[in-house]
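Engineer: structure for this input, please:
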Amino acid sequence: MDNNKRSSKPKPVILTCAQPTGKLTLGNYLGAVRNWSTMLDEYECLFGIVDLHAITVPSKPSILRQNVYSCIAQYIACGLDPERCHQFVQSHVIGHTELAWILTCMTPIGELQRMTQFKDKAAKLGFKATEESDGNELKFTHEGMRAQASINAGLLCYPVLMAADILLYNADLVPVGEDQRQHLELCRDLAGRFNQKYSETFTIPEAYVPKTGAKIRSLVNPTRKMSKSDQNERATIFILDEPDQIKKKVGSAVTDSGAEILHSQEKPGVSNLLTIHSSLSGQNIHSLETHFNGKGYGELKTEVIELLCETLRPIRESYHELIQDKAYLNQVLKDGAGTAQKRAFKTLSKVQRKIGLPERT
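Structural biologist: Numbers count the residues shown, from 1 in each chain. Next comes the predicted model:
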């Protein structure tokens with residue numbers, strides 16, 4: 001085989017989907033998005049903005065629409081070059097909901113009720129899950145009220161939609177965090193179940209484990225991860241924060257007792273600042289501990305502030321230019337949806353034929 005034929009071998013397909021939930025945090029950037037930009041040459045990368053998942057909880061239509069544009073602009077500003085990957089909106093591609101329905105009809109309700117995230121979200125609404133005596137179903141109670149009145153079916157079934165998102169493109173690899181591994185296992189089970197019943201159709205996706213991304217903690221409570229939903233505005237750095245906001249947030253960040261600047265479990269606040277410094281500067285933790293030997297917390301915070309301002313400035317400036325150019329963003333999404341749709345139709349037509357649905361004329 002000559003080199004040209006060898007080089008024409010299709011790249012593995014890697015699919016990453018995220019809900020459009022507003023501004024990305026520093027944790028999102030350092031823990032995930034920055035790593036995604038390193039995958040563009042080695043893999044065929046599909047980045048889906050899953051707006052249909054976002055409506056499982058109440059949202060204002062205007063804000064949801066705005067968040068989609070904001071999400072794509074932030075992705076591009078962070079280095080996801082549209083010339084080297086495909087970025088699309090889930091609702092722009094025919095096939096996600098159709099395949100989700102087909103897979104839902106193959107999914108026992110007990111499997112969905114046992115999903116950890118579903119039980120956690122139900123618990124936040126005040127519902128308690130108890131297993132029926134036959135072990136096949138969970139019963140949800142809420143102080144005499146019926147659970148069905150408050151837990152929408154989308155919240156229960158969205159892991160199947162997530163499986164459809166993946167299988168529609170026959171993705172080889174899917175980057176997932178620990179909180180999504182159970183959903184990926186359901187996806188793999190459904191793919192195997194379909195393949196066994198109707199013949200080989202779906203690629204069984206594998207979890208993609210990228211280079212370890214930094215785990216950034218809350219600046220107010222470093223025992224928790226940094227979150228965009230934190231009620232304390234000083235707990236979270238957003239990639240679009242202005243320098244004065246960064247200065248205030250890092251300046252008030254929780255440190256620890258004792259004067260030594262060390263990375264240890266006993267010093268979560270200082271450890272978090274060192275992790276941020278290391279992720280941005282490229283220096284390892286040991287070198288930073290040596291660098292800050294004999295120095296105070298103020299000097300550590302000053303350097304972290306400078307690094308954050310320097311790193312986020314070009315991202316912020318690029319974002320503000322992009323978000324003003326709706327025509328360009330629409331074209332990026334149109335091109336991405338076009339590529340995604342070709343893959344989706346190919347898979348969907350095969351699935352429909354195998355389960356016995358008549359061909360469209």
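Engineer: how far out from the middle of the chain is stretch 336-356?
Structural biologist: When C-alpha coordinates are averaged (Cα atoms, centre = their mean, to the nearest Å), stretch 336-356 and its chain have centres 24 Å apart.
Engineer: kindly report the same for stretch 353-361.
Structural biologist: 34 Å.
Engineer: tell me how far the ends of that stretch are from each other?
Structural biologist: Start and end residues of stretch 353-361 are separated by 13 Å (Cα to Cα, to the nearest Å).
Engineer: residues making contact with it?
Structural biologist: Applying Cβ atoms under 8 Å, 6 or more residues apart in numbering, the contact partners of stretch 353-361 are 102, 198, 199, 201, 349, 352. To be clear about C-beta, it is placed using only N, CA and C from the backbone, and glycine gets the same treatment.
Engineer: flag every buried residue along stretch 314-326.
Structural biologist: 315, 316, 318, 319, 322, 323 (16 or more other Cβ atoms under 10 Å).
Engineer: taking those one by one, which sit in helices?
Structural biologist: Using DSSP state H, the subset of these located in helices is 315, 316, 318, 319, 322.
Engineer: and the buried residues of stretch 314-326 as TSV, adding pLDDT and distance to residue 107?
Structural biologist: Formatted as TSV, the buried residues of stretch 314-326 follow (pLDDT from 0 to 100; distance: Cβ to Cβ, whole Å):
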residue	pLDDT	distance to residue 107
315	98	40
316	98	43
318	98	42
319	98	39
322	98	39
323	97	39
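Engineer: of those residues, which is the nearest to residue 238?
Structural biologist: In terms of Cβ to Cβ, no member of the buried residues of stretch 314-326 lies closer to residue 238 than residue 316, at 9.5 Å.
Engineer: follow-up on the earlier one: which one of the buried residues of stretch 314-326 is nearest residue 344?
Structural biologist: Nearest to residue 344 among the buried residues of stretch 314-326, with distances taken as Cβ to Cβ, is residue 322, at 26.3 Å.
Engineer: so how far is residue 331 from the closest one?
Structural biologist: To residue 331, residue 322 is 12 Å away according to Cβ to Cβ, to the nearest Å.
Engineer: got it, and residue 340?
Structural biologist: Per Cβ to Cβ, residue 340 is found 15 Å from residue 331.
Engineer: ok, now residue 255?
Structural biologist: Going from residue 255 to residue 331 by Cβ to Cβ gives 47 Å.
Engineer: who's more crowded, those two?
Structural biologist: Using other Cβ atoms under 10 Å as the criterion, residue 255 and residue 331 rank with residue 255 on top: 19 against 12.
Engineer: what pLDDT does that one get?
Structural biologist: The model reports residue 255 with a pLDDT of 91.
Engineer: so what's it up against?
Structural biologist: Contacts of residue 255 were listed using Cβ under 8 Å, 6+ apart, and they are 267, 269, 270, 273, 297.
Engineer: what does it show for phi and psi?
Structural biologist: The phi and psi values for residue 255, taken as degrees, to the nearest 10, are phi -110, psi -150.
Engineer: mind checking how far it is from residue 266?
Structural biologist: As judged by Cβ to Cβ, residue 255 and residue 266 stand 12 Å apart.
Engineer: same thing with residue 282?
Structural biologist: 26 Å.
Engineer: domain assignment for the chain?
Structural biologist: If you go by automatic domain parsing, the domain ranges for the chain are 3-213+325-355, 243-321.
Engineer: let me have the ones you listed in JSON lines, extended by distance to residue 226.
Structural biologist: JSON lines is the format used below for the domains of the chain (distance: least, Cβ to Cβ, whole Å):
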{"stretch": "domain 3-213+325-355", "distance to residue 226": "4"}
{"stretch": "domain 243-321", "distance to residue 226": "9"}
